[in-house]
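I need the structure of the sequence given here:
(one chain, ligands or ions: 1)
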Amino acid sequence: MNIVLLGAPGAGKGTQASMIEEKFSLVHISTGDIFRANIKGGTPIGKIAKGYIDAGKLVPDEVTCKIVENRLGEEDVKGGFMLDGFPRNIFQAEQLDKFAKIDVCVNIDVDIDLLMDRICGRRVCACGESYHVSTLNGETKCKKCGGTLYRRDDDNPETVQKRLDTYFKETAPVADYYKKQGKLFTVKSGKGSPKEVFAVIAEKLKEY
Ligand code: AMP
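So this is what the prediction gives:
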């Protein structure tokens with residue numbers, strides 16, 4: 001099973017991705033994580049990506065598509081993969097169709113007024129876990145691995161607003177792209193817990 005996980009920044013893609021990865025043994029490919037690892041490692045890709053990420057813009061398609069195409073050519077994804085953060089515009093979706101077969105696009109739909117608070121209050125760990133400050137009670141360590149929690153550089157209000165603008169302009173139409181292909185599954189994630197949202201997604205994914 002090959003899936004695309006779609007949703008605005010703050011929709012809870014990362015949290016759902018961890019749960020889906022565990023239950024369905026899919027290889028989790030997050031383009032945002034790939035860029036952050038490249039920035040940390042000071043690679044040429046990292047140097048290109050940083051300026052765009054800090055500005056809340058998309059990294060150019062030619063860079064991003066090549067990374068994903070190369071990654072999907074690797075042996076470990078043959079048993080199924082989950083793309084998180086890709087495709088982020090129609091062009092990327094069209095390119096993806098040229099080098100992979102997608103079974104379903106899971107679209108996590110969250111009311112816009114919840115997104116800003118979710119992202120600006122987000123604290124993450126290098127292990128991939130993510131929390132909201134309101135549930136941490138001052139705790140600064142990850143409950144899963146003990147790592148120190150931090151706020152992503154691009155999770156500040158100014159950049160978040162730009163990321164949301166970019167999302168609604170460029171990424172939201174990707175849902176329609178998959179709808180036309182009969183592959184879209186939208187799950188509403190409002191006040192429900194991540195586990196409740198996951199239960200709905202898991203039920204759907206059992207069909208594949
Ligand atoms: P994310 O972790 O998915 O929120 O991604 C963080 C940032 O990485 C985004 O705001 C973009 O600047 C960049 N990025 C991630 N995925 C893509 C993509 N598919 N196309 C272009 N830029 C991306």
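
if I read this right, residue 84 contacts residue 27, doesn't it?
No - counting by Cβ atoms under 8 Å, residue 84 sits too far from residue 27 to count as a contact (10.8 Å). C-beta: built from backbone N, CA, C; applies to glycine.

settle it for me: which of these two has more neighbours?
Applying other Cβ atoms under 10 Å to residue 84 and residue 27 shows that residue 84 carries more neighbours, namely 23 against 17.

dig out what that one forms beta bridges with.
Counting by DSSP bridges, residue 84 forms beta bridges with residue 5, residue 30.

what sits against it?
Counting by Cβ atoms under 8 Å, 6 or more residues apart in numbering, residue 84 touches 5, 13, 14, 17, 28, 29, 30, 31, 32, 33.

buried subset of these?
For the contacts of residue 84, a burial check counting by 16 or more other Cβ atoms under 10 Å picks out 5, 13, 14, 17, 28, 29, 30, 31, 32.

now do the SS call for the one residue in the chain that gets nearest to the ligand.
Going by Cβ to the nearest ligand atom, the ligand is nearest to residue 32 of the chain, at 2.0 Å. Assigned with DSSP: H, G, I helix; E, B strand; the rest coil, residue 32 falls in the helix class.

make a markdown table out of the buried ones among the contacts of residue 84 and add pLDDT and distance to residue 119.
Formatted as a markdown table, these follow (pLDDT from 0 to 100; distance: Cβ to Cβ, whole Å):
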| residue | pLDDT | distance to residue 119 |
| --- | --- | --- |
| 5 | 97 | 17 |
| 13 | 91 | 11 |
| 14 | 88 | 11 |
| 17 | 94 | 16 |
| 28 | 95 | 20 |
| 29 | 96 | 21 |
| 30 | 95 | 16 |
| 31 | 97 | 17 |
| 32 | 95 | 12 |
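
residue 162: what's it in contact with?
Contacts of residue 162 by Cβ under 8 Å, 6+ apart are 55, 56, 57.

count of residues packed around the nearest residue to the last one once chain neighbours are set aside?
So the one you mean is residue 57. Leaving out its chain neighbours, the residue that sits closest to residue 57 by Cβ to Cβ, 6 or more residues apart in numbering is residue 166, at 6.2 Å. Number of residues near residue 166 (other Cβ under 10 Å) recorded here: 19.

same question for the one 3 residues further on.
Residue 169: 10 surrounding residues under other Cβ under 10 Å.

and for the one 10 residues further on?
The burial count assigned to residue 179 is 14, neighbours taken as other Cβ under 10 Å.

phi, psi for residue 150 please.
The phi and psi values for residue 150, taken as degrees, to the nearest 10, are phi -150, psi 170.

who does it form a beta bridge with?
Residues in a beta bridge with residue 150, per DSSP bridges, are residue 124.

I figured it hits residue 129, correct?
No - assessed by Cβ under 8 Å, residue 150 is found out of contact with residue 129, at 11.7 Å.

quick one: which of these two has more around it?
Counted by other Cβ under 10 Å, residue 150 and residue 129 do not tie: residue 129 has more neighbours, with 17 against 12.
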